[in-house]
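K.L.:
Whatever this is, show me its structure:
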Amino acid sequence: MRRPGDRIVRREPLPSEVIRLRLVPRRRITLPLLVVLWLILGGAVMIGMLLLRWPATWQHAEGPSWWEAFFTALSATCTAGFAPLDVATTWNRWGQLVILLLVEAGGLAYVAIAVLLLSGIVRRTTVYEAHHVLGMRLGEEQLGELWPLVRRLLVATLLVQFGGMLLLLPASWREHQDGASALWWAMATAVTAFHNAGFDFEPGYRGLAAYQRDWGVVLPVAMLVLIGSIGFPTLSDLVTRRSWRRLYPDTRLVLVTTALLLSIGTLGIWFLERSNAATLAGVPWYQQLLDAFSVAVSRTGGPRVIDTRMLGEETSFLLGGLTFIGGASGSVAGGVKVQTFSLLLLAILATIRGSQRVVAFSREVPDRQVFRALSIAVFALSVTFAGTVWLAFLVPYTLPVIWLLVVQAFSLAGAESELLAALGTPGQLVLAFLIVLGRFGPLGLALIFATQVPRETVHYARETVRLG
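P.N.:
Numbers count the residues shown, from 1 in each chain. You can find the predicted model right below:
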């Protein structure tokens, strides 16, 4: 016990008593990861472009230009669903098969490659954080078991697509004259719908217009698009846990927000378009609701029964907002992701209530997650704003059409080929840039967040800033 007046004597440590700690700076691996990802993308696009430029894949003697082949290959690899030409009349079955394989490979690689890269290079604790950020909880309790995880991805994808093809086959058989054409259309539609790509394999830019009143086509396509947009993590959690209380909060957040967006989209589109003779007017109310639901589902991509160019201006803005949100994290859909939108909405509600904590399903969300969601949303808004201004300068379209087209490109939701063909090369170049940013921009930010180690050693004095 120290008494008053006692002095503390400290001596300088001897050199033999000093142990110098060598701090090894942590290696930043974000740039190599992104470079590898871009190299894989570039290799797939180049191979696809060469195959689509090969005369053996053409329908006629005159085929696509180098730029059109490159743009189509890029769009297919990024599962965007944009094509500057009529796919059914430009390429034969071999060329269409190339597009289909690019869509399949691009959709699976987007989910699987990110997990494998993070697991192979980042240490385990960082892998878990990245696993949480990217939303890739696929039912594997041990993150080292990634090859079985990839096999599960592949098996689940093929099973869902095969089931969708069987559901589409009866309607396709009635529409097409021979069995080979019916089987091909059902398979191609199932694959592109599941990956939210939405390439049009019907000649004459018809899309699903011939099946608009056929519930046997509209509902299976909507189901495939929904399954692809909610993502493998959500599906795996639903299959393994099978109880609402046992589901992860992330899964419940995806399901509730997706249902809310679909409800708002369906009712909003029906209310705005019910008197539009080019879209919903003139059919029974239940058919109007089905068509509105189909358009709302296609906000993330996939084949459409209604040409979005026929929508009213207010409906275009509504659909653009829904498309901007996109699908869930860990899915093939684009956009800022459902979880990002949900976290920002919950943060706003918490601020209104005067709470300093964001809570989702009785679980507190860390502040860094909210900041990351805000960063992704601001990045997406900046890109789409710049793209809208850039495209408006190049093409003489109305602002609602340009806005919807830009958002569809960034969110990989696809657009009608006739509209895309009329843009010309400069406009298509803008869309290609948006497609690449939409596919890998949010993922790049997630990788940066996942590989950062907080090193805040200095804290500054707090000061308030006037808002509002």
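
K.L.:
Could you use CA atoms for every contact and neighbour count after this?
P.N.:
Noted.

K.L.:
Nearest residue to the residue nearest the centre of the chain in space, please, no chain neighbours.
P.N.:
Residue closest to the mean C-alpha point of the chain, counted by Cα atoms, centre = their mean, is G334 at 1.9 Å. Nearest residue to G334, sequence neighbours excluded (Cα to Cα, 6 or more residues apart in numbering): S411, at 4.3 Å.

K.L.:
so who does F71 touch?
P.N.:
Neighbouring residues of F71 by Cα atoms under 8 Å, 6 or more residues apart in numbering: 83-84, 428, 432.

K.L.:
Does it lie in a helix or a strand, and which?
P.N.:
In the assignment (DSSP states H and E), F71 maps to helix 66-77.

K.L.:
Pull out the buried residues from that helix.
P.N.:
Applying a neighbour-count criterion of 16 or more other Cα atoms under 10 Å, one finds 68-77 buried in helix 66-77.

K.L.:
Same list, these, but as CSV with distance to F393 please.
P.N.:
Putting the buried residues of helix 66-77 into CSV (distance: Cα to Cα, whole Å) gives the following:
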residue, distance to F393
E68, 22
A69, 25
F70, 24
F71, 21
T72, 24
A73, 26
L74, 24
S75, 23
A76, 27
T77, 28
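
K.L.:
wait, which of those residues is closest to M223?
P.N.:
Distances from M223 to the buried residues of helix 66-77, taken as Cα to Cα, are shortest for A76 (21.0 Å).

K.L.:
if we can go back for a sec, so for the helix holding F71, what's the average pLDDT?
P.N.:
Averaging pLDDT along helix 66-77 yields 92.

K.L.:
Same question for stretch 94-106.
P.N.:
92.

K.L.:
By neighbour count, which bits of it are buried? Give me those.
P.N.:
Neighbour count says stretch 94-106 has 95-96, 98-106 buried, by 16+ other Cα under 10 Å.

K.L.:
Also stretch 354-369?
P.N.:
Neighbour counts using 16+ other Cα under 10 Å place 358-360, 365, 369 of stretch 354-369 among the buried residues.

K.L.:
Excluding its own residues, what touches it? List them.
P.N.:
Contacts of stretch 354-369 (Cα under 8 Å, 6+ apart): 133, 249, 253, 343, 346-347, 350.

K.L.:
how about 10 Å then?
P.N.:
132-133, 245, 248-250, 252-253, 340, 342-351, 370, 373-375, 449 (Cα atoms under 10 Å, 6 or more residues apart in numbering).

K.L.:
Sketch out the low-pLDDT regions of this structure for me.
P.N.:
Residues of the chain meeting the criterion pLDDT under 70: 1-37, 112-147, 149, 205, 417, 443-460, 463-468.

K.L.:
And the strands in it?
P.N.:
358-360, 363-365 (DSSP state E).

K.L.:
Need these in a markdown table (columns: distance to L262).
P.N.:
Listed next are the strands of the chain as a markdown table, based on distance: least, Cα to Cα, whole Å:
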| stretch | distance to L262 |
| --- | --- |
| strand 358-360 | 20 |
| strand 363-365 | 25 |
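
K.L.:
From the contacts of stretch 354-369, which land in helices?
P.N.:
Secondary structure from DSSP state H places 132-133, 249-250, 252-253, 340, 342-351, 370, 373-375, 449 of the contacts of stretch 354-369 in helices.

K.L.:
And those residues, which of them are buried?
P.N.:
Using 16+ other Cα under 10 Å as the burial test, the ones in helices among the contacts of stretch 354-369 include 132-133, 249-250, 252-253, 340, 342-344, 346-347, 370, 373-374, 449 as buried.

K.L.:
What is the nearest of the buried residues of helix 66-77 to V218?
P.N.:
Nearest to V218 among these is A76, at 22.5 Å by Cα to Cα.

K.L.:
what about the closest residue in space to P442 that isn't next to it in sequence, neighbour count?
P.N.:
Distance criterion Cα to Cα, 6+ apart; nearest residue to P442, sequence neighbours excluded, is I376 at 6.2 Å. Look at I376: counted by other Cα atoms under 10 Å, it has 23 neighbours.

K.L.:
Please name the residues that touch L261.
P.N.:
Neighbour list for L261: 255, 296-297, 299, 322, 325-326, 338 [criterion: Cα under 10 Å, 6+ apart].

K.L.:
please redo it, this time with the cut-off set to 7 Å
P.N.:
Applying Cα atoms under 7 Å, 6 or more residues apart in numbering, we find L261 in contact with no residue.

K.L.:
again, but for the one 10 residues further on
P.N.:
F271 makes contact with no residue, according to Cα under 7 Å, 6+ apart.

K.L.:
Quickly note the distance from it to L318.
P.N.:
12 Å (Cα to Cα, to the nearest Å).

K.L.:
Over to G327?
P.N.:
Counting by Cα to Cα, the gap from G327 to L318 is 16 Å.

K.L.:
same question, A73
P.N.:
Note on A73: its distance to L318, by Cα to Cα, is 29 Å.

K.L.:
picking that back up, quick one: which of the contacts of F71 is nearest M223?
P.N.:
Using Cα to Cα, the contacts of F71 come closest to M223 at A83, 23.6 Å.

K.L.:
Next, give phi and psi for that closest one.
P.N.:
Phi and psi for A83, reported as degrees, to the nearest 10, are phi -140, psi 120.

K.L.:
quick one: contacts for A69?
P.N.:
Neighbour list for A69: 49, 52-53 [criterion: Cα under 7 Å, 6+ apart].

K.L.:
one more time with 10 Å, if that's ok
P.N.:
45-46, 48-54, 63, 75, 83-85 are the contacts of A69 under Cα under 10 Å, 6+ apart.

K.L.:
how about JSON lines for those residues, with distance to W403 added?
P.N.:
Converted to JSON lines, these look like this (distance: Cα to Cα, whole Å):
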{"residue": "V45", "distance to W403": "27"}
{"residue": "M46", "distance to W403": "29"}
{"residue": "G48", "distance to W403": "29"}
{"residue": "M49", "distance to W403": "28"}
{"residue": "L50", "distance to W403": "32"}
{"residue": "L51", "distance to W403": "33"}
{"residue": "L52", "distance to W403": "30"}
{"residue": "R53", "distance to W403": "31"}
{"residue": "W54", "distance to W403": "35"}
{"residue": "G63", "distance to W403": "31"}
{"residue": "S75", "distance to W403": "19"}
{"residue": "A83", "distance to W403": "18"}
{"residue": "P84", "distance to W403": "18"}
{"residue": "L85", "distance to W403": "22"}
